[in-house]
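Asks: quick one, fold the following:
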Amino acid sequence: MSPLAITAAPATSPPRRLLIVGAAVLGPLMQEIDSLVVGVALPHMQATMSAAPDQITWVLTSFLIAIAIMSPAVGRASAIVGRKRLMLIAVAGFAFTSIFCGTSTTIDELVFFRFIQGISPPFSPLYSCQRYWMPSRARSTAWRSACGAWGSCWRLY
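Replies: This is a model prediction of the structure:
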């Protein structure tokens, strides 16, 4: 059997589904909060590190480039390593590299560590694992709820 073969959704109890949804939402939420914080802190970082405007934009750009590079590989990596293990690796890698980003003293170090942070497996494609543990009717309800909540958050921002 191919490692990419789609299997039938196993029976999962509703409380367990909520935990899985919470875990799946944790990763993208961490990325969004990180991007928000970095975006707000860019002027302070620019002043602290004496960086030019074109240098400081690389703090965000390097992270996005790394995510774009790694996103296609996440599906295959989850088939090889397993979705749960890949999610744990991604969260641990993101947290570990965040420490290095916080302790960097030069703009070059920060750009490098932000790139490495983006290389830790991107979280968004992990939503695809929901087809394995959630029936289609519940999945559509969950997506409607998540999109509604997401839209409400952006209206508040």
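Asks: in the chain, which helix is the longest?
Replies: Assignment by DSSP state H gives helix 14-48 as the longest helix of the chain.
Asks: and the angle from the next helix or strand after that one to helix 14-48?
Replies: Remark: after helix 14-48, the chain's next helix or strand is helix 53-81, criterion DSSP states H and E. Interaxial angle, helix 53-81 versus helix 14-48 (axes from the mean of the first three to the mean of the last three C-alpha atoms, to 10 degrees): 150 degrees.
Asks: from the contact counts, what lies against helix 53-81?
Replies: Secondary-structure packing of helix 53-81 (3 or more C-beta pairs under 8 Å, 6 or more residues apart in numbering; DSSP states H and E): helix 14-48, helix 83-103, helix 107-119. No exception for glycine: its C-beta is placed from N, CA and C like everyone else's.
Asks: buried stuff in it?
Replies: For helix 53-81, the buried set under the neighbour-count rule, 16 or more other C-beta atoms under 10 Å, comprises 55-56, 58-59, 62-63, 66-67, 70, 74, 77-78.
Asks: next one: stretch 39-53
Replies: Neighbour counts over stretch 39-53 (16+ other C-beta under 10 Å) mark 42, 45-46, 49, 51 as buried.
Asks: in these, find the pair that's most separated.
Replies: Greatest spacing in the buried residues of stretch 39-53, by C-beta to C-beta: Leu42 and Met49 (10.5 Å).
Asks: anything in contact with each of those two?
Replies: Taking C-beta atoms under 8 Å, 6 or more residues apart in numbering as the criterion, Leu42 and Met49 both touch Ile56.
Asks: residue ranges with poor pLDDT in the chain?
Replies: Within the chain, the ranges that satisfy pLDDT under 70 run 1-14, 121-157.
Asks: could you redo the last one with a cut-off of 50?
Replies: Scanning the chain with the threshold set as pLDDT under 50 gives 8, 125, 156-157.
Asks: just to revisit the earlier point, what is the nearest of the buried residues of stretch 39-53 to Gly93?
Replies: For those, the closest approach to Gly93 (C-beta to C-beta) belongs to Met45, at 22.0 Å.
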